[in-house]
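A.B. asks: I need the structure of the sequence given here:
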Amino acid sequence: MTAAPEKPSATHSEDSLLELRSRRLLQISAATLCGVLLAATVSSGLTQAFLLTGAAFLGMAFAAAWWQRSLLAAYILLWSMALMLTGLAVASGGIRDLAVVGFPGVLVFAAILGSRNLFLSLLSYMILASAAMGYASMQSWLVPYLPADSWRHILYICVILSIIGFSVLLMAQDLHRSLRALQQENKRVRETQQQLERLAMHDKLTDLPNRNLCEQLFRQMQLDCLQNQQRLALLFLDLDNFKPVNDALGHAAGDQLLQQLAKRLQDELSERDVLCRFGGDEFMVLSPCNDDDSQLADLASRLLKQSTEAFTLMQTKVEVSGSVGIATVPADGIEFHVLCRKVDMAMYNAKEQGRNTWCFYNDAMDQANTDKFNLLQRIRAAMKSQSFALYYQPKVCLRSQQILGAEALLRWPQDDGSFINPAEVIELAERSGLILELGAWVLQQACIDCQQWRQQGFPDVRVAVNLSPLQFRDGKLQQTLLAALANSGLPATALELELTESLLIDDTQLVQNQLQRLGALGITFAIDDFGTGYSNLGYLRQFNASSLKVDKSFISSLSVSLRDEPLIKAIIQLAKGLELSTVAEGVEDDATMQRLQQWGCDAAQGYLWSKALPAPDFLQYLQQQR
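C.D. replies: Next up is the predicted model:
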């Protein structure tokens with residue numbers, strides 16, 4: 001059973017007003033009825049008849065008010081009073097009769113208790129009645145009768161004044177009560193408005209100024225610093241490891257950390273400095289300073305020290321760190337939003353330097369971001385114009401020197417014959433999400449090229465393609481691979497996917513499920529750049545890889561030093577123990593190749609055999625080697 005919906009507050013107010021009006025009409029009707037009956041007991045003749053008739057109508061008004069028919073009650077009450085007063089005036093002194101004194105009271109009641117139409121109709125009637133009685137007296141049609149003063153007339157005037165006074169008192173009390181309620185409501189509205197303004201300008205969690213108020217304070221402090229010939233510094237602090245706190249301990253613990261950090265930072269600042277919370281785990285400090293950067297460096301170090309000290313959250317010791325970016329006015333700009341962008345760049349540069357450090361903004365950062373933005377636009381255009389190309393580096397069996405296949409490598413040739421660094425292209429493509437579209441094209445083209453080589457008389461050649469972790473998280477990798485294999489006609493056994501170790505760390509179950517489905521198709525997997533990442537043996541057992549690729553940073557050093565020899569031998573022996581083949585990257589001389597052969601490495605690739613070649617050149621290379 002559902003509860004009935006509550007009436008809106010406006011409806012409650014209207015109901016209360018109608019109830020109050022009905023109650024007042026009930027009281028005034030009763031008071032007027034008592035006064036009229038009292039006057040009727042001492043009157044006689046036509047006057048008594050008018051009073052008793054009026055009393056009957058007043059009784060009807062009382063009944064209507066009792067049943068909360070307030071408008072009907074007002075009409076009956078006020079018109080009966082107006083007509084009764086008119087009758088009394090006509091029967092006695094005309095326009096100069098005491099009854100006419102009651103007309104203004106009736107109008108007051110009509111204005112407060114009735115409606116606009118009732119008030120205007122009564123006013124019109126009273127003007128016409130007064131004019132008619134006056135004209136009738138002037139024409140001698142109505143001969144006013146002014147009786148001598150008596151206690152009865154005194155009683156009449158007292159009844160009229162008592163009724164009017166009692167009614168006015170009731171309505172005045174209502175008016176005062178309404179005014180007090182209105183004053184209280186206005187006070188509540190002002191307080192609510194102040195609270196809303198504070199909420200709009202302050203962070204609810206830490207009670208610090210938020211971004212909106214920070215901008216206003218920035219303008220004020222900027223003017224003060226200009227008058228005092230000082231600089232205004234912006235220090236932007238962002239925590240480095242805040243998300244794991246929320247993930248492990250919950251958002252309540254994260255809120256406690258931010259509250260504790262806000263108090264620590266506030267205690268570290270001077271009275272002139274202003275601390276603001278920008279949102280999330282970001283804080284901004286506005287600090288007037290002189291031309292000595294060491295003052296800002298010292299402040300940034302103290303802020304970092306406060307962020308790295310252990311926090312106690314739910315009886316758990318938690319440690320995080322922070323990175324601080326610094327910009328100053330006017331050296332780095334005068335507009336708040338421009339400075340926010342620059343100090344944000346400085347903060348991210350501090351993160352790239354290893355985190356838990358601070359960094360001043362410089363123009364080179366802005367130029368680097370501009371270059372990345374422009375490069376990203378060029379990448380989008382290159383994808384539309386199909387300007388990218390795949391180059392292939394041979395993978396050679398060290399025992400037989402036969403070509404096993406090739407690794408597909410992304411290249412972006414320029415008009416002057418140069419190439420854009422593939423690492424920059426892939427990094428920007430991953431950040432922007434373009435890696436999904438670019439990776440799908442690489443898979444399609446690599447499968448097409450490999451199938452063409454096989455059709456040209458090299459049926460055992462295989463192709464290896466590097467995958468981005470984002471392609472696994474997209475959830476459409478299997479669909480993309482099946483489409484590439486179907487369009488090219490390449491068998492799944494001829495395709496190898498190279499995975500980085502970081503992929504095996506993240507989203508383990510999701511990755512494992514996809515690898516199992518792809519492995520069931522006949523696709524094989526290689527762990528790329530082994531030795532440079534986590535190198536966790538548990539992941540090697542868990543994922544169905546067929547080979548390990550030793551990173552070229554270890555292989556290239558063999559030509560000048562044997563420092564990495566034990567590590568390379570250990571990787572090769574590890575692979576053999578796990579029944580995996582090993583592929584060495586970056587082999588450039590015979591001596592390195594011979595060492596790898598002696599240590600039992602299975603395959604290699606590098607400039608010793610060939611650099612990466614376009615697909616037609618790679619086919620010629622295959623034909624020459626045959």
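A.B. asks: just checking, V159 touches T41?
C.D. replies: No - look at V159 against T41 with C-beta atoms under 8 Å: they stay out of range, at 11.0 Å. In short, each C-beta sits where N, CA and C put it, glycine included.
A.B. asks: Those two: which has the busier surroundings?
C.D. replies: Applying other C-beta atoms under 10 Å to V159 and T41 shows that V159 carries more neighbours, namely 22 against 10.
A.B. asks: residues in contact with that one?
C.D. replies: V159 sits next to 35-36, 38-39 when contact means C-beta atoms under 8 Å, 6 or more residues apart in numbering.
A.B. asks: Equivalent analysis for K317, please.
C.D. replies: With C-beta under 8 Å, 6+ apart, K317 has these contacts: 310-311.
A.B. asks: Would you mind measuring from E407 to Y392?
C.D. replies: The gap separating E407 from Y392 is 7 Å, by C-beta to C-beta, to the nearest Å.
A.B. asks: do the same with L52
C.D. replies: Taking C-beta to C-beta, one finds L52 at 119 Å from Y392.
A.B. asks: quick one, which of those two is more surrounded?
C.D. replies: Neighbour count, other C-beta under 10 Å: between L52 and Y392, Y392 has more, with 27 against 14.
A.B. asks: Q471 against L438, yeah?
C.D. replies: No - here Q471 does not reach L438: they are 9.8 Å apart, not a contact under C-beta under 8 Å.
A.B. asks: Okay, helices next: where are they in the stretch 301-450 of the chain?
C.D. replies: Applying DSSP state H, counting those that start in this stretch to the stretch 301-450 of the chain gives helices spanning 336-352, 363-385, 422-432, 435-455.
A.B. asks: and these as CSV, adding mean pLDDT, distance to K243 and mean neighbour count?
C.D. replies: Formatted as CSV, these follow (pLDDT from 0 to 100; distance: least, C-beta to C-beta, whole Å; neighbours: other C-beta atoms under 10 Å):
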stretch, mean pLDDT, distance to K243, mean neighbour count
helix 336-352, 92, 14, 19
helix 363-385, 86, 24, 13
helix 422-432, 88, 18, 16
helix 435-455, 94, 23, 20
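A.B. asks: Where do the domain boundaries of the chain fall?
C.D. replies: Taking automatic domain parsing as the domain assignment, the ranges for the chain are 13-177, 211-361, 387-408+434-625.
A.B. asks: And the average pLDDT for stretch 195-208 is what?
C.D. replies: Across stretch 195-208, pLDDT averages out at 81.
A.B. asks: distance of S44 from G102?
C.D. replies: Taking C-beta to C-beta as the measure, S44 falls 20 Å from G102.
A.B. asks: So which of the two has more stuff around it?
C.D. replies: Remark: of S44 and G102, G102 carries more neighbours, 25 against 10, as counted by other C-beta under 10 Å.
A.B. asks: Skip the chain neighbours and tell me the closest residue to that one.
C.D. replies: Leaving aside its sequence neighbours, G102 sits nearest to L85 (C-beta to C-beta, 6 or more residues apart in numbering; 4.6 Å).
A.B. asks: So what's the residue count around that neighbour?
C.D. replies: Look at L85: counted by other C-beta under 10 Å, it has 24 neighbours.
A.B. asks: Confirm for me that it is in contact with A99.
C.D. replies: Yes - L85 is in contact with A99 according to C-beta under 8 Å; the separation is 4.3 Å.
A.B. asks: E197: which of the domains of the chain is closest?
C.D. replies: If you check each of the domains of the chain against E197 by C-beta to C-beta, domain 211-361 wins as the nearest, at 9.9 Å.
A.B. asks: Just the terminal-to-terminal distance for that closest one.
C.D. replies: 20 Å (C-alpha to C-alpha, to the nearest Å).
A.B. asks: and what of stretch 111-120?
C.D. replies: End residues of stretch 111-120 are separated by 9 Å (C-alpha to C-alpha).
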